[in-house]
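Visitor: Output the structure for:
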Amino acid sequence: MKETKEKALAESSDEFKAVLALDPKLTLAHFNLGISLARLHRDDAAREEFSAFLKEDRSNPSLHKRAERYLQRIELARATMAPPFSVTTLDGQRVSMDSLEGKVVLIDFWATWCGDCVIAMPHIRKIAQKFQDQPLVVLSVSLDSDEASGRTLWPRTV
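Guide: Next up is the predicted model:
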């Protein structure tokens, strides 16, 4: 299993290098090559790719903070992390995954039409209250198409 994974990572590294040789302006390939190299424990080469991405990229600013974190702590590039994303809360606050660095993040996807979700909501609220003085953030994301329906069950998204 480990050999298969390493072989696949080595192949992906070669593919990203080939892409960059064909079109150096595809800067996202630097980011992904950095991840492949980090997972192969080729940390210096991975840092070079993250640096190249940050220096050259103009079209993927949502990944910049993550690339900076990988440069500082290369082991994060080997970890399984939620993809970078951002949401706007009901009160208009913009929250990104990377802005929550150092916190435990519980992401709860729910909808009013989901009976189990509605049943779980008080438990999610209790968890948020129990750990309110801790570095825990609860992102409760409603899948309802009607924004107002989420307000009745969870007044705060964050």
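Visitor: Same question for the lengthiest helix in the chain: list its buried residues.
Guide: For the chain, the longest helix by residue count, based on DSSP state H, is helix 2-22. Neighbour-count burial for helix 2-22, counted by 16 or more other C-beta atoms under 10 Å, picks out 9, 12-13, 16, 19-20. Backbone N, C-alpha and C define where each C-beta goes, glycine included.
Visitor: can you give me how far whatever helix or strand comes next after it is from the chain middle?
Guide: Once helix 2-22 ends, the next helix or strand along the chain (criterion: DSSP states H and E) is helix 28-39. Taking C-alpha atoms, centre = their mean, to the nearest Å, one finds the center of helix 28-39 at 15 Å from the center of the full chain.
Visitor: contact partners of helix 28-39?
Guide: 9, 12-13, 16-17, 19-20, 43, 45-50, 52-53, 56-57, 59-60, 63, 67, 70, 74-75, 77-78 (C-beta atoms under 8 Å, 6 or more residues apart in numbering).
Visitor: thinking again about what came up before, out of the buried residues of helix 2-22, which is nearest to R94?
Guide: F16 (31.0 Å; C-beta to C-beta).
Visitor: who touches the closest one in this structure?
Guide: Residues counted as contacts of F16 (C-beta under 8 Å, 6+ apart) are 29-30, 32-33, 36.
Visitor: Next: W113.
Guide: Per C-beta under 8 Å, 6+ apart, neighbours of W113: D144.
Visitor: one step back: for the contacts of F16, pick the one with the most neighbours.
Guide: L33 (25 neighbours; other C-beta atoms under 10 Å).
Visitor: measure it to G115 for me?
Guide: 45 Å (C-beta to C-beta, to the nearest Å).
Visitor: can you list the weak-confidence ranges in this structure?
Guide: 146-158 (pLDDT under 70).
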